[in-house]
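Participant: Generate a structure from the sequence data that follows.
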Amino acid sequence: MRRGFKTWCESTSESYRTALGLRPQDPLDPRDLAAHLGVMVWTPEEVPGLARDSLQQLVDRDPDSWSAVTIRHDDTDLTIVNSAHVPNRRRSSLTHELAHLILDHGPGRIDVSPEGHLLLNSFEQEQEKEADWLTGTLLVPRAGLIIAYRSSQDPEVLSNRFGVSADMLNWRLRMTGVATQARRARNWSRRTSPSRS
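Facilitator: I've put the predicted structure just below:
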């Protein structure tokens, strides 16, 4: 990732959270962020005119083939989120789509196969990495993780607090170094504290 990008993400996360009236340690509802950005959010069930067979394919027969997609029509952005996924995954998927918009990433190219299937034909790996990182900072900002970690080091408690999966929480703990820094601070405190006799 480009120099200074991670710091920019933390600063950007703080700005959006402040605009939404959130403290660093508060959970972010990505639907509130979407509304703030002027992005409409639907599930497949809300797509007008979607054929029943297509709906069943998306949410019943093959729900693991997609998470979310953003479509731009004129000046309006619409994100469709997979309703078959668990709430934490939907939150992450929606935030990831919003991260692409915040980062002003260009759209991928989509073609239609002779059978009528949509095929995504461009995938910018660097853009995906950037969107992943911004997603993490929006949902679990480093400043908020430091505050929350002082109250509890239990990953389940922390993931519930931020409304994210255990995988997302553990990834943020590793990437931010919060757990390592807290452990070093405790060890330093023990070594420098006067012994009691």
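Participant: ranges for the helices of this protein?
Facilitator: All helices of the chain, identified by DSSP state H, fall at 5-19, 30-37, 52-56, 87-102, 125-139, 142-151, 155-162, 166-176, 178-192.
Participant: Touching, residue 166 and residue 155? I think so.
Facilitator: Yes - look at residue 166 against residue 155 with C-beta atoms under 8 Å: they come within range, at 5.7 Å. The way it works is simple: take the backbone N, C-alpha and C, and place the C-beta from them, glycine included.
Participant: lowest average confidence, helix or strand, in this structure?
Facilitator: Ranked by mean pLDDT, DSSP states H and E, the weakest helix or strand in the chain is strand 118-120, scoring a mean of 58.
Participant: returning to that earlier point: with respect to residue 115, which of the helices of the chain lies nearest?
Facilitator: helix 52-56 (12.6 Å; C-beta to C-beta).
Participant: Any buried residues in that closest one, and which?
Facilitator: Buried positions in helix 52-56, judged by neighbour count with 16 or more other C-beta atoms under 10 Å: none.
Participant: How about stretch 8-17?
Facilitator: 8-10, 12-14, 16-17.
Participant: Repeat that for stretch 58-69.
Facilitator: Those would be 58-59, 66-69, for stretch 58-69 by 16+ other C-beta under 10 Å.
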